[in-house]
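S.K.: What would the 3D arrangement of this be:
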Amino acid sequence: MDDGDAIDRMMEAWREQLPGLDPSSLGVVGRVIVLARHLERSVTEALAPHSLSLGEFDILATLRRQGPKGGLTPGQLLGSVMLSSGGMTARLDKLETAGLIERRQDPTDRRGVVVELTAKGRKSIDTATATRFAEAQQSLPKLSAQEMKTLAGMLRKWMKQIAE
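M.R.: The predicted structure follows:
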């Protein structure tokens with residue numbers, strides 16, 4: 001296997017050691033895990049000059065995508081990012097201390113809070129988003145447009161299956 005990678009070598013070793021088991025699923029899953037780790041490091045490095053973690057970026061980006069509609073409650077934010085409620089509170093506290101968001105009373109629920117971007121937060125996320133988009137583009141493999149469309153479709157199908 002001259003043109004193989006570490007995952008191919010691992011699968012071949014399993015085939016030799018446990019010939020009754022089929023390690024082929026590791027070919028995809030193992031590569032996805034390796035790629036995810038690589039991509040997370042790449043995003044972390046790209047966002048560092050903006051003093052944002054990926055979780056903080058996700059919160060600010062989610063608020064930014066709301067456009068002029070306004071803010072979101074912490075619960076609504078929690079539904080769009082992968083954090084625990086404790087993790088959300090800690091990140092919101094940090095973003096508020098940095099002057100990037102503000103919490104306001106929810107006009108529809110006097111016990112509730114709405115999180116909104118500040119002007120500084122909007123400027124910060126717009127700059128960080130340009131960096132993030134450039135990093136994502138640079139991270140893509142060299143595939144044809146059709147290959148990229150096929151890959152995106154297969155990944156979408158996989159994601160839908162795990163969301164069920």
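
S.K.: Please name every helix or strand in contact with the worst-scoring helix or strand of the chain on mean pLDDT.
M.R.: Least confident element among the helices and strands of the chain, by mean pLDDT, DSSP states H and E: helix 74-80 (a mean of 86). In terms of contacts (3 or more Cβ pairs under 8 Å, 6 or more residues apart in numbering; DSSP states H and E), helix 74-80 is packed against helix 54-64, helix 85-97, strand 109-117. To be clear about C-beta, it is placed using only N, CA and C from the backbone, and glycine gets the same treatment.

S.K.: winner for burial among those?
M.R.: Per residue and on average, the most neighbours among the helices and strands packed on helix 74-80 fall to helix 54-64, with a mean of 20 (mean count of other Cβ atoms under 10 Å).

S.K.: Could you pull up phi and psi at G4?
M.R.: Per-residue torsions, G4: phi -80, psi 180 (degrees, to the nearest 10).

S.K.: so how many other residues sit close to it?
M.R.: Look at G4: counted by other Cβ atoms under 10 Å, it has 11 neighbours.

S.K.: And for P141?
M.R.: Neighbours of P141 (other Cβ under 10 Å): 8.

S.K.: mind checking the SS state of it?
M.R.: At P141 the chain is in coil, as set by DSSP: H, G, I helix; E, B strand; the rest coil.

S.K.: Can you give me the pLDDT of it?
M.R.: If you check P141, the pLDDT there is 93.

S.K.: burial measure for the residue nearest to D5 when sequence neighbours are not counted, as a count.
M.R.: Once flanking residues are discounted, D5 sits nearest to R31: 7.9 Å by Cβ to Cβ, 6 or more residues apart in numbering. Neighbours of R31 under the rule other Cβ under 10 Å: 14.

S.K.: which element is R31 on?
M.R.: Taking DSSP states H and E as the definition, R31 sits inside helix 24-47.

S.K.: for that helix, packing partners?
M.R.: Using 3+ Cβ pairs under 8 Å, 6+ apart: helix 24-47 touches helix 6-17, helix 54-64, helix 119-139.
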